[in-house]
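Q: got a predicted model here, sequence first, then my questions.
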Amino acid sequence: MAAHRFSFDRVRRLFFPTDAGRLDEKRANAARKEAVRKERRRRAAQVARDAEQSGDVAVVDYPRHEIRILVTSDAERKWRTTACAKEPWTVAWLDARVRPGEVLYDIGANVGVFSLIAGTLLEGHGAVVAFEPGYANYARLCENIVLNELEERIIPVPLPLSSRTGLQAFTYRSVEPGQSRHTFTGEAWTGGAPRPKHRRYSQPMLGMTLDAAVSLFALPRPTLIKLDVDGAELHVLEGAQETLAVEALRSLVVEIDGELTDPVMALLARFGFRLVERPDRGRDKKAWYGIFARE
């Protein structure tokens, strides 16, 4: 009879839950969530221990949260740990606009500093989709996500975004993590003769338009876009016209090559975006940054 009573009680709680049954379910859900959090902390701690043994962890100069990154190259030490001093306008844009529930596309994420900043500002609700095609930067981006326990908020994507989908050439300035100023023209990969020693490494990559990536992978639609792709911004925007048309997208911060100013401005204007701020970089540069908002 005891076994029958136990079975009956289980059925009764399942179909006619009492306060006690609901409390048991809440406790079980809480225990599962805590187990996930513990496993996430364990992985992050292991990454940190491995890196700290070799002195490879550094704190980013972001005042609102402690953000740590792995550092093994001069580019990371010089530029990525000081990203806030290097691009205060980008940080101010993130601080002002990223709120819980937002979806930020970080296109040209490098090792992920701005993605990590946005991930902390989401406070557990929303997403960052971080696009980074360079193999060393992408690997470091993934490690930094784990190190900061943000794997539930940041989606790393190892794709070069282009004006068309196909096999295309990505040419590295150097292959160390943290490096930038690579070259991506959207040209088809042709292969051919071996690379001469004096030429930089050019890697065949599967390029894709942003619109195709959003559709194919069912990515959440962006409310904000940070675009910094070292001269390939027009290619990215031409392949993102369906995404730009979505009303939920409110603002972009874009690094724009001076020679691309007119076509980039015209394309964004077609979708209702106007330039609201042009940060002063403090020195003469070929490229400039623009902050755009929908009219």
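A: Yes, it's here.
Q: can you tell me the centre-most residue of the protein?
A: Centroid check for the chain by Cα atoms, centre = their mean gives residue 130 as the closest residue, at 2.0 Å.
Q: ok, what's across the strand from that residue?
A: Beta-bridge pairing for residue 130 (DSSP bridges): residue 106, residue 156.
Q: thought it was touching residue 142?
A: No. Taking Cβ atoms under 8 Å as the contact criterion, residue 130 and residue 142 are not neighbours in contact, 9.4 Å apart. Where C-beta positions appear, they are placed from N, C-alpha and C, glycine not excepted.
Q: what do these two both touch?
A: Residues touching both residue 130 and residue 142 (Cβ atoms under 8 Å, 6 or more residues apart in numbering): residue 156.
Q: can you give me the helices in the stretch 101-250 of the chain?
A: Ranges of helices within the stretch 101-250 of the chain are 113-121, 135-147, 210-217, 233-238, 241-244, based on DSSP state H, counting those that start in this stretch.
Q: what does the fourth one rub up against?
A: Looking back up the chat, that one is helix 233-238. Contacts of helix 233-238 (Cβ under 8 Å, 6+ apart): 107, 161-163, 184-186, 210, 227, 229, 244, 254-257, 260, 263-264, 267-268.
Q: ok, now with 7 Å
A: Here helix 233-238 makes contact (Cβ atoms under 7 Å, 6 or more residues apart in numbering) with 107, 161-163, 186, 210, 227, 229, 254-257, 260, 263-264, 267.
Q: just flag the most distant two among those.
A: Longest distance between any two of those is 18.5 Å, between 210 and 257; criterion Cβ to Cβ.
Q: these two: which is more packed in?
A: Legend: neighbour count by other Cβ atoms under 10 Å for residue 210 and residue 257, higher for residue 210 (28 against 16).
Q: what does the pLDDT read for that one?
A: With respect to pLDDT, residue 210 scores 98.
Q: ok, it touching residue 161?
A: Yes. Assessed by Cβ atoms under 7 Å, residue 210 is found in contact with residue 161 at 5.0 Å.
Q: now the common contact residues for the two.
A: With Cβ under 7 Å, 6+ apart as the test, residue 210 and residue 161 both reach 236, 239.
Q: count of neighbours near residue 229?
A: By other Cβ under 10 Å, neighbour count at residue 229 equals 23.
Q: could you give the number of residues near the nearest residue to it once chain neighbours are set aside?
A: Leaving aside its chain neighbours, residue 229 sits nearest to residue 108 (4.3 Å; criterion: Cβ to Cβ, 6 or more residues apart in numbering). By other Cβ under 10 Å, the residues close to residue 108 number 25.
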